[in-house]
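>>> Just a sequence and a predicted model for now, questions to come.
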Amino acid sequence: MDRRLARALASIVGEENVLVDPAELLVYEADGSLVTATRPDVVVFPGTAEEVAGVMRLAREFGVPIVPRGSGTSLSGGAQPVRGGIVLSLARMNRILEVDLDNEVVVVEPAVINAWVNEAVQRAGYAIAIDPGYQYAPDPGSQRVSTVGGNVGHNSGGIKCFKYGVTVNHVRGLEVVLPNGEVRRLGGKAFEAPGLDLTGLFVGSEGTLGVVTKVTIRVVPLFEAVKTILATFDSADAAGSAVSALVRSGVRPLAVELMDKEAVEAVESGPYAAGLPRDAEALLLIDVEGSEPGASQDAEKVASILRAHGANMVRLASDGDEAQKWWAARKQAFGAMGFVGPNYVVEDGTVPRKALPLALNRIREIVAAHGLRVANVFHAGDGNLHPLILYDERDPAQRDAALRAGEEVLRMCVELGGTITGEHGVGWHKRRLLPLMYSEVELDLMRRIKAVFDPDNVVNPGKVLP
Ligand SMILES: Cc1cc2nc3c(=O)[nH]c(=O)nc-3n(C[C@H](O)[C@H](O)[C@H](O)COP(=O)(O)OP(=O)(O)OC[C@H]3O[C@@H](n4cnc5c(N)ncnc54)[C@H](O)[C@@H]3O)c2cc1C
């Protein structure tokens, strides 16, 4: 570690906001993904965009990489340093700056936790009769810990994104610090900005173009009522087929999630057990929203479509409490995997919705061929698969097999017309696979765009682009 760099950083952000102790640096070599990379040389906690700009200028001067970091829940190695350098944690920039419901926007600093936005704009819990308030729709499973800045970095999705779209559909404006230390405003509160969509370019750029220091996000009104439907099936592919039929019917649910038997077994073995049927091979959890009578009618329609397409049990949640219990179980499914296996790799790929049944069968075959087990819990409405491949870390051969099976699953997704990531980002782990989806011409265009923003390759080098 260059002591001059640490001293220079301390002069910008204050000594108390610089970490150099190797023991303290240790946690910043990891994020939510399986493989750890390298330990950073230093971690800094700037408190303002100007301080971020100062850190950027220093990084360029010293020729060291900067890795922006929100809560570090990235599942693709996006928040890990791969060449040492500076981890720039946004953790201190965590204020909600403005709630402007006249314009249906909220302005936040990047380390505001996703769920805090909802708490700020929602008057009360689930569905209330009059004036239900607003919501920030993108709701990743990690919403109680992940930051809005990290969500922007990965263009995160979530359960409600089937109806409302992913993060990019909700970001109106950004304040960003470019690698040369300039602070720039992109977009704003207005509905549309003319010219090339630089805001859109930044969303999903995984911290490779600059650091986001402010986000203006769109919030949408909550509906009067939400109804939750639970349906069970004899197989995961039967549930997948029912999803296609449901979407074709023209009803537009808020959320359509699928859990297979192994995933149900995991959540029902832990503290979030919600009475989900353990004997079903697969289940769908579906929300519809609207006025009280409208949501009830839609729920009826959904139930009859599911019955007509192979569901052997369809139930409407008796009240908001039961619905919340079901959804809490779904949202805790990743964490609950510890009840059915010591370790897991979570993959994230998409397939066209129609290919879901085929993809689910192929996943089982691929994982079984490696001698492992798999649980599936995913955003079925979006065709966004999340196979959780179970293995035992104490056996290196199993770990390698799990990683190989994961890669085969992603290759299969591309073969079926899908993608190597739906929402968890390309990061460090999947950049090798990007050529499966893009030609050399397209990859070269992406590299040139990166170079326009970051000619010295200072911010998050080694990520996204192969
Ligand atoms: C249990 C669990 C469930 C999850 N469920 C979902 C899900 O349903 N949907 C989903 O989409 N994801 C999900 N994720 C993945 C992850 O939570 C998301 O990718 C999330 O958006 C990351 O936010 P973070 O604050 O942790 O960002 P980090 O992990 O710290 O960073 C993510 C990326 O964004 C960059 N970045 C962070 N902050 C900034 C900034 N201010 N400026 C520029 N770049 C920045 C980082 O460099 C990195 O590349 C889940 C993860 C876990 C562990």
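On my side now, so go ahead. Numbering: from 1, shown residues only.
>>> switch to C-alpha atoms for all contacts and neighbour counts from now on
Will do.
>>> show me where pLDDT drops low in the protein?
1, 123-132 (pLDDT under 70).
>>> List the contacts of the residue nearest the centre of it.
Closest to where the C-alpha atoms of the chain average out (C-alpha atoms, centre = their mean) is residue 156, at 3.7 Å. For residue 156, the contacting residues are 138, 140, 166, 167, 204, 423, 424, by C-alpha atoms under 8 Å, 6 or more residues apart in numbering.
>>> got the phi/psi numbers for the spatially closest residue to the fourth one that is not a sequence neighbour?
The shortest distance from residue 167 to any non-neighbouring residue, by C-alpha to C-alpha, 6 or more residues apart in numbering, is to residue 155 (5.1 Å). According to degrees, to the nearest 10, the main-chain angles of residue 155 amount to phi 50, psi 60.
>>> Which residues of this structure lie near the ligand?
Residues of the chain found near the ligand (C-alpha under 6 Å from any ligand atom) are 32, 67-75, 78-79, 110, 140-142, 146-147, 149-151, 153-154, 156-158, 206-207, 210-213, 334, 423-424.
>>> Name the helix or strand for the residue nearest to the centre of the chain, please.
Using DSSP states H and E, residue 156 sits in no helix or strand.
>>> now, which of the contacts of residue 156 lie within strands?
Residues of those located in strands (DSSP state E): none.
>>> now these as CSV including distance to residue 412 and neighbour count?
Converted to CSV, these look like this (distance: C-alpha to C-alpha, whole Å; neighbours: other C-alpha atoms under 10 Å):
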residue, distance to residue 412, neighbour count
138, 27, 27
140, 24, 23
166, 24, 24
167, 26, 28
204, 23, 22
423, 17, 22
424, 18, 26
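>>> Which members of these are positioned in helices?
Using DSSP state H to define helices, no part of the contacts of residue 156 is located there.
>>> quick revisit: for the residue nearest to the centre of the chain, what are phi and psi?
phi -70, psi 150.
>>> mind checking how far it is from residue 203?
According to C-alpha to C-alpha, to the nearest Å, residue 156 and residue 203 sit 9 Å apart.
>>> Need the residues touching each of those two.
Applying C-alpha under 8 Å, 6+ apart, one finds that residue 156 and residue 203 are jointly contacted by residue 167.
>>> quick revisit: from what I can see the residue nearest to residue 167 touches residue 423, true?
Yes. In this structure residue 155 lies within contact range of residue 423 using C-alpha atoms under 8 Å: 6.5 Å.
>>> if we can go back for a sec, closest one to residue 261 out of the contacts of residue 156, please.
Using C-alpha to C-alpha, residue 140 comes nearest to residue 261 of the contacts of residue 156, at 22.1 Å.
>>> Helix or strand next in line after the longest helix anywhere in the chain, which one?
Determined from DSSP H, the single longest helix within the chain is helix 396-415. Counting by DSSP H and E, the next helix or strand C-terminal to helix 396-415 is helix 440-453.
>>> Only the buried residues of that following helix, if you could.
Residues 443, 450, 453 are the ones in helix 440-453 that count as buried (16 or more other C-alpha atoms under 10 Å).
>>> what's the answer for stretch 271-286, then?
Those would be 272-274, 276-278, 280-286, for stretch 271-286 by 16+ other C-alpha under 10 Å.
>>> So which of those residues sit within strands?
282, 283, 284, 285, 286.
>>> The third one touches residue 241, doesn't it?
The one in question is residue 284. No. Applying C-alpha under 8 Å as the test, residue 284 and residue 241 come out as separate, 11.3 Å apart.
>>> ok, residue 329 - contacts?
Residue 329 neighbours (C-alpha under 8 Å, 6+ apart): 267, 268, 272, 273, 274.
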